[in-house]
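**Q** here's a sequence, model it:
(chains A and B)
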Amino acid sequence: MKSDCPPVESFERLLRLHPADPRREHLGRCPRCRARAIAFRSFLESGPLPQGANLAAARDGMTKTLQAEIRGPVAFARLPRWRPRLSRPWAAVAFSGAIAAVLLVLVSPTLLKQRDDVLLRGAPATQAQLVLLPAETLPDGALLLRWHPLPGAESYRVTLFGQNLEELAQVSAGAAEFLEIPAGNLAALGPRGSALFWRVEALVGGDPVALSTPASLSLP
Amino acid sequence: MNHLSTLPDEELLRRALLERREPGGGRAASVLLERYQERVYVWCLRIVRDHAKALELAQETLVNAYRRLDTFEGRSGFSSWLFAIARNRCLSALRRPSPFMDEEGLEELVDPRPRPDERREARVDEETVLDLVRRHLDLVEQEALWLRCYEGLPVDEITRLLGLDASSGARGLLQRARRKLRAAWEQPAAERAGRHG
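**A** The predicted structure is shown next:
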């Protein structure tokens, strides 16, 4: 008996048919379908507003939620306004030198044979609580950065570094355990194929509580 | 954005699906869903009768619809597809009344636990109730009972939708319908089956 009832999704088309149309006939004789049709018409009508309605607040709330969903899991608006922290050339050189020295001491030849994204390992053990997953390129060209969640973390902050370890951008991922960088924003980070580095900080109350080791990625 | 708002649902949907693959896309989807957002909110409010709860359900409906846009096959109308999502969200948030038991002013929300006296009837599946409703209630009783118990509409909304006399409204109608339904259900099973057969 249930199989006779068309899905609610088809009601818009069915109700446009002439009442005598055999495809619509069931709607007239089935109590369940008649009730659903009444409910659907009520959804479409611009009848009186129910008591307690606050249309302006609802409109505002729904638009904001929808826009946040459409823009993606994080507002990436900050990306083009990245702040190079090491603006003076000597600072960049000094930082790069320090990292290189650490690498020379700590990175074994075995590790060097492995993938690029372990090249920067060797950070202090306390920083290794956040584990990054390999960066992925999505079918639409977006770059997806993911990491294992850290228990207790309220939010995460992702920092992207250029080839000379200059900071390119710092973006909040909110509470999400991933950051999707739309294809359109990638050009701001450098030419396609550039090797970049990224790192994630876990935050509680806005303060960092854990820092991942940096990993490399190739800009799609 | 302005020219998008003049497009029919089907064209907006087509563009929305194309735009999803483009960086910074989503304008068509935004126009399409915002076209219906007030209806979704008002529908949810009619069901749950609380602004904050209705807004939460409406937001969930819209986000869910956006995420599932590419599952919309185009064989149904967009409005009924969206309605189906909103309806499912609302029904899952409701404590729906039993078709057998009088409500005694029961209009409250979200206590999914059945009352003790509902447990026996809870085992009666929807198809059995549909069969009883068809055979024992008149057309208006059928609609009122189904709207109340399976579509989750409040009594005063049913009164309005069915154009009933506002003084007694759907409440009296529902009481009568439930009385008839209980009487039909309490007949011995063999008798019910024999009459049906």
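**Q** near chain A at all, the longest helix along chain B?
**A** Selection of the longest helix in chain B by residue count, based on DSSP state H, yields helix B:27-48. Yes: using C-beta under 8 Å from any C-beta of the partner chain, helix B:27-48 reaches chain A at B:29-30, B:33-34, B:37-43, B:45-46. All C-beta spots, glycine's among them, are computed from the backbone N, C-alpha and C.
**Q** include pLDDT, distance to residue A:27 and neighbour count when you put the residues you listed into JSON lines, please.
**A** Formatted as JSON lines, the residues of helix B:27-48 next to chain A follow (pLDDT from 0 to 100; distance: C-beta to C-beta, whole Å; neighbours: other C-beta atoms under 10 Å in any protein chain shown):
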{"residue": "B:29", "pLDDT": "92", "distance to residue A:27": "30", "neighbour count": "22"}
{"residue": "B:30", "pLDDT": "92", "distance to residue A:27": "33", "neighbour count": "22"}
{"residue": "B:33", "pLDDT": "95", "distance to residue A:27": "27", "neighbour count": "26"}
{"residue": "B:34", "pLDDT": "94", "distance to residue A:27": "30", "neighbour count": "17"}
{"residue": "B:37", "pLDDT": "95", "distance to residue A:27": "27", "neighbour count": "22"}
{"residue": "B:38", "pLDDT": "95", "distance to residue A:27": "26", "neighbour count": "17"}
{"residue": "B:39", "pLDDT": "95", "distance to residue A:27": "21", "neighbour count": "19"}
{"residue": "B:40", "pLDDT": "96", "distance to residue A:27": "23", "neighbour count": "27"}
{"residue": "B:41", "pLDDT": "96", "distance to residue A:27": "27", "neighbour count": "29"}
{"residue": "B:42", "pLDDT": "95", "distance to residue A:27": "24", "neighbour count": "23"}
{"residue": "B:43", "pLDDT": "94", "distance to residue A:27": "20", "neighbour count": "29"}
{"residue": "B:45", "pLDDT": "95", "distance to residue A:27": "26", "neighbour count": "25"}
{"residue": "B:46", "pLDDT": "92", "distance to residue A:27": "22", "neighbour count": "25"}
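**Q** kindly check the end-to-end length of stretch B:131-148 for me.
**A** 17 Å (C-alpha to C-alpha, to the nearest Å).
**Q** packing partners for the longest helix of chain B?
**A** Packed against helix B:27-48 by the contact rule (3 or more C-beta pairs under 8 Å, 6 or more residues apart in numbering or on different chains; DSSP states H and E) you find helix A:31-44, helix A:55-71, helix B:2-5, helix B:9-19, helix B:51-67, helix B:78-93.
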